[in-house]
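Engineer: Got a predicted structure here, sequence first:
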Amino acid sequence: MFNMVRMDLYRMFRTKALYVIWIVMALTMLLTTALSLMAQEMPEPQEYIQQETEENVNLGMSVSLPTLPGKQITVLDEVYANTTAKFTALFLVIFAVLFATADINSGYVKNIGGQVPNRGALFLSKTAAMLVFTALTMIGYVLLQALFCRICFGYLVWGNISALLWYLGIQILLHYALTLICMAIAVVLRNNVFSMIIVICLCGGISALIYGLIDNLMHKLGVQDFQIMKYTVTGQIAMVPLEPSSGDILTPAVISVAFLLAMSFIGSTVFAKKDC
Amino acid sequence: MSEFLLSTSNLTKQFGRHRAVDGVDIHIKKGAIYGFIGRNGAGKTTCLRMISGLASPTDGEIEMFGYTGKDLKNIRSRVGCLIEAPGLYGSMTAYENMQIKCKLFGIKKPGYIEEILHTVGLADTGKKKTKHFSLGMKQRLGIGLALINEPDLLVLDEPINGLDPQGIAEIRDTLHRLRDERNMTILISSHILEELSKIATDYGIIHNGCLIQELTRKELMKRCSERIELTLSCPEQAVPVLDRMGFVNYQIVDKEHIHVFERLNESAGLNTELVTSGISVREISLRNEELETYFLNLTGGATHV
């Protein structure tokens, strides 16, 4: 298994798409940071934007800063705004689909698929490589965000460091679970186009339409106050508060782990059972 | 333990209602180069995919290195394969493609990859991306990938497909070298019998998912060699006549035919002797069959190609 992970890490760091995604993500971050500066410099006082609540969830891709009027924009504010908008998630899931299907699409899996005792382990090794990618991307994203804040605003305020670390930690876990969902979808469908459409819809908020239908159905069945978003990874990504307490972290952590286990099982089983 | 390195028993693969492979029994001895012949769509690739562990059989059993069933996973790493087109990462070099598989097997030996690249004639490709390789180079890299971890059995599916004569000759030389230097057993499929005849020591002919014949190189050559072909209503009756005339190298092929492989200039005398003995000869002819013709006759004739 260790060798498989080494193989996938080697492959991942030699994939051009990895660097393209990181570069595009960095450029987009620079743009959103510059835009947030423009928004702050507008003559009208910036409207206070409420934190995401269970009733008011950002389903789309709009980036809204939680900074109070007159306050300095912190790195935590920027990270929170972009993460809640699933800006980082979008880049992660695109790479997850590309990475999960690269060996299938290129046919490379035929060189190795028959020689491993359990083909399902090839999927699990990809999930390990994806953890490295997710962690590196999220940490790099925070560091770059700090750099861009310094460049665009002329100052660097981190905000509550402890809150930032907790927030980053739980978001890495949630984003990792999301990438595994996307990898499992890609492996099951074995079609990059359909997989990409589905995962972009997941991040772009179109899934909210389906969630709304499920909620309505549950309400009609007599389960009041039911919100499926509370139990989904994308919903939790948007719901984690700016300065999470240990209680706020428990639910997203449990949901992430549940999805991690389920997707690892589905992905590895399908990979093992399907012919190469 | 079986005398065969690889054997299959009633190997079957069904896709929906279509039976791509239907009860195939293959027998491959250690050190053999087994030519697996069949037309396009005959079931060669599906068979090889099952043998390589890339697809699961619907029915039947595979025995390799004395292992069967779930125990096969213990020896899967001893089987290298190149199935269909070589699966390569186009944006990587030959070395990087090889390195990926070496990582899987934990191979860190210095010069290991270079040695294999040299074996398959790709030592000088340097930083050239594999997407810029010719078909022949890709095929050879595919074989190189299959050679990683020193497999005892090499499974190659149509490795000469689409290659020019020089490319085919290079692949042929590589395979001969692998068998001679590494004592490797090779299972190679193709629909070009003429080419396989220059490499293989044993043959299996598959048609419509069924293995219709297994024979050695010697047997194949004998069946394709120049001969007197007798068509009779009861071949057994001709045996005493042939024996009396001193023929020893002959074969009753089926219920109507006898092939005589010696004294080809005595066909007229043989005919006379048979008729004198009261045996009705429907046809007597001198035949020299091409390998391709032999294959086509066996699989339904040229009109079906």
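Structural biologist: Nice, I can see it.
Engineer: C-alpha only now, for contacts and for neighbours.
Structural biologist: Noted.
Engineer: Which secondary structure elements does the strand or helix carrying A:Tyr141 sit against?
Structural biologist: A:Tyr141 belongs to helix A:120-153 when assigned by DSSP states H and E. Under the contact criterion of 3 or more CA pairs under 8 Å, 6 or more residues apart in numbering or on different chains; DSSP states H and E, helix A:120-153 touches helix A:2-13, helix A:16-40, helix A:75-84, helix A:87-106, helix A:161-189, helix A:246-273.
Engineer: Could you list the residues of chain A in contact with chain B?
Structural biologist: A:3-4, A:6-8, A:10-11, A:14-16, A:106-118, A:274-276 (CA under 8 Å from any CA of the partner chain).
Engineer: Would you mind listing which of those residues are buried?
Structural biologist: Buried residues within those, counting neighbours by 16 or more other CA atoms under 10 Å in any protein chain shown: A:3-4, A:6-8, A:10-11, A:15, A:107-118, A:275-276.
Engineer: Okay, the nearest residue to A:Val79 once chain neighbours are set aside and B:Ile186: tell me how far apart.
Structural biologist: Distances taken as CA to CA, 6 or more residues apart in numbering or on different chains place A:Val142 nearest to A:Val79, at 6.6 Å, with adjacent residues excluded. Plainly put, A:Val142 is 54 Å away from B:Ile186 if you go by CA to CA, to the nearest Å.
Engineer: More neighbours: these two, which one.
Structural biologist: With neighbours defined as other CA atoms under 10 Å in any protein chain shown, A:Val142 and B:Ile186 compare such that B:Ile186 has more, 29 against 19.
Engineer: how far is the stretch of helix or strand that one belongs to from where the chain is centred?
Structural biologist: If you go by DSSP H and E, B:Ile186 is part of strand B:185-190. The gap between where strand B:185-190 is centred and where its chain is centred comes out at 5 Å by CA atoms, centre = their mean, to the nearest Å.
Engineer: Just want the angle from the helix holding A:Tyr141 to helix A:16-40.
Structural biologist: Interaxial angle of helix A:120-153 relative to helix A:16-40 (axes from the mean of the first three to the mean of the last three CA atoms, to 10 degrees): 30 degrees.
Engineer: residues of helix A:120-153 that come out buried?
Structural biologist: A:120-131, A:133-135, A:137-139, A:141-142, A:144-149, A:152-153.
Engineer: Let me see the mean pLDDT of it.
Structural biologist: Average pLDDT, helix A:120-153: 91.
Engineer: Quick check, B:Lys30 in contact with B:Thr185.
Structural biologist: Yes - assessed by CA atoms under 8 Å, B:Lys30 is found in contact with B:Thr185 at 5.7 Å.
Engineer: These two - which one has more neighbours?
Structural biologist: A direct count of neighbours by other CA under 10 Å for B:Lys30 and B:Thr185 places B:Thr185 higher, at 24 against 16.
Engineer: per-residue confidence for A:Gln50?
Structural biologist: Looking at A:Gln50, its pLDDT reads 47.
Engineer: OK, contacts around B:Ser7?
Structural biologist: Applying CA atoms under 8 Å, 6 or more residues apart in numbering or on different chains, we find B:Ser7 in contact with B:Asp25, B:Ile26, B:His27, B:Ile28, B:Ile62, B:Glu63, B:Met64.
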